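Q: Just need the structure, nothing else, for what follows:
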Amino acid sequence: MSKSLMLAAAVLALSAGGAFAQHDHHAAAGDAVARAVADEHRPAEDKARDADRKPAEMLAFAEVHPGEVVGDFLPGGGYFTRIFSKAVGADGKVYAIISEAQAKAEKPPAVNAIAADPAYGNVEVVAAQFQSLSLPQKADLIWTSQNYHDLHLSRLNLDVAAVNKAVFEALKPGGYYVVLDHAAAPGSPVGVADTLHRIDPAIVRKELEAAGFVFVAEDHALRNPQDDHSKGVFDPSIRGRTDQFIYKFKKPE
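A: Residues are numbered from 1 along each chain as shown. Below you'll find the predicted structure:
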């Protein structure tokens, strides 16, 4: 065999090996997510919401892999916190990011109980001032679901640009920031966060690109064209079935 043919064969072998390795990596991530969603420790009320919230599809879109560091920003009841915990596994870490006000509230945040549960030993609660957010280690992914609009609540008086810069700094280079939220009608002002608890997706993209993020992709799994965007998200006629968008942004390498 000539040297040129030997070189070509070697390149093909390396390419094939890389393709197989990448396939195995993605397959392992998919298996981990499937196990996380099927986790027997998840509350029944969480599992009952899976059909609407599509957690396996959401984590696949966010490219969650075993061993990663995830920041669950404003985790609420911990629906995704538990799933992230099992998906990243024992070698990974999940930081449940709450506000300092939540940490001092009379009623403890729900994620405190999750972090104290041995079944979720890789979960740690971080109470932070969002405008100067820092984590014990840089994250591969920071995720926020149904809460980005809350940063614009007038009663919080937050500098949203500073919050987004802090999230940017809390990520590793190449890390992702994934935002899932209730969609407002195109052109809606940020003030609808106070009245409808929604946000125009275009505002989110504009703000995060201004912070230095690069828009990567959008997933349509949670879009609902039957939602006319006129009702608040807690209205019984639409609650749990709002039109939701999910955007993935990247911190440049």
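Q: Can you tell me what sits against the helix or strand encompassing Ile246?
A: Per DSSP states H and E, Ile246 falls inside strand 244-250. When contacts are defined by C-beta atoms under 8 Å, 6 or more residues apart in numbering, strand 244-250 is touched by residues 58, 61-62, 146, 174-183, 201, 204-205, 208-209, 213-219, 221-224. The way it works is simple: take the backbone N, C-alpha and C, and place the C-beta from them, glycine included.
Q: could you dump whichever strand or helix holds Thr81 to PDB, C-alpha only?
A: Secondary structure from DSSP H and E places Thr81 in helix 79-88. C-alpha atoms of helix 79-88 as PDB (Å, rounded to 0.1, in the frame of the first residue of the first chain):
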ATOM      1  CA  TYR A  79     -39.200  20.000  39.200                       C
ATOM      2  CA  PHE A  80     -36.100  20.200  37.100                       C
ATOM      3  CA  THR A  81     -33.600  20.200  40.000                       C
ATOM      4  CA  ARG A  82     -34.300  16.500  40.700                       C
ATOM      5  CA  ILE A  83     -34.000  15.600  37.000                       C
ATOM      6  CA  PHE A  84     -30.700  17.500  36.600                       C
ATOM      7  CA  SER A  85     -29.400  15.800  39.700                       C
ATOM      8  CA  LYS A  86     -29.900  12.300  38.300                       C
ATOM      9  CA  ALA A  87     -28.900  13.200  34.700                       C
ATOM     10  CA  VAL A  88     -25.500  14.600  35.700                       C
END
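Q: I'd like the numbering to begin with 57 instead of 1 from here.
A: All set: I'll call the first residue 57, so the last point we hit is now helix 135-144.
Q: got a list of contacts for that helix?
A: 85, 88-89, 91-93, 95, 97-98, 102, 105, 109, 111, 114-115, 120-126, 128, 131, 150, 152, 167, 170, 176, 178-179, 199, 201.
Q: These in strands, which ones?
A: Val125, Val126, Asp128, Val150, Ala152, Val179, Trp199, Ser201 (DSSP state E).
Q: list the contacts for Ser190?
A: Ala184, Ala222, Glu225, Ala226.
Q: Please verify my assumption that Val270 contacts Glu309.
A: No - with contact defined as C-beta atoms under 8 Å, Val270 does not count as touching Glu309 (10.0 Å).
Q: Looking at those two, which is more packed in?
A: Set Val270 next to Glu309 and count neighbours by other C-beta atoms under 10 Å: Val270 wins out with 12 against 8.
Q: and the closest residue to that one other than its chain neighbours, how many neighbours does it have?
A: Closest residue to Val270 apart from its sequence neighbours, by C-beta to C-beta, 6 or more residues apart in numbering: Lys306 at 4.9 Å. Around Lys306 there are 16 other residues, counting by other C-beta under 10 Å.
Q: Now do Lys306 against Val181, distance only.
A: Using C-beta to C-beta, to the nearest Å, Lys306 is found at 26 Å from Val181.
Q: Would you mind confirming that Val246 makes contact with Ile255?
A: Yes - Val246 is in contact with Ile255 according to C-beta under 8 Å; the separation is 6.9 Å.
Q: Now for those two: what residues contact both?
A: His208.
Q: Neighbour count: the two, which is higher?
A: Neighbour totals were compared for Val246 and Ile255, and Ile255 leads with 25 against 17 (other C-beta under 10 Å).
Q: State the three-state secondary structure for Asp237.
A: Recorded secondary structure, Asp237: strand (DSSP: H, G, I helix; E, B strand; the rest coil).
Q: Now it: closest residue in space that isn't a chain neighbour?
A: Tyr204 (4.8 Å).
Q: same deal with Ala222?
A: The nearest residue in space to Ala222 (C-beta to C-beta, 6+ apart) is Leu189, at 3.9 Å.
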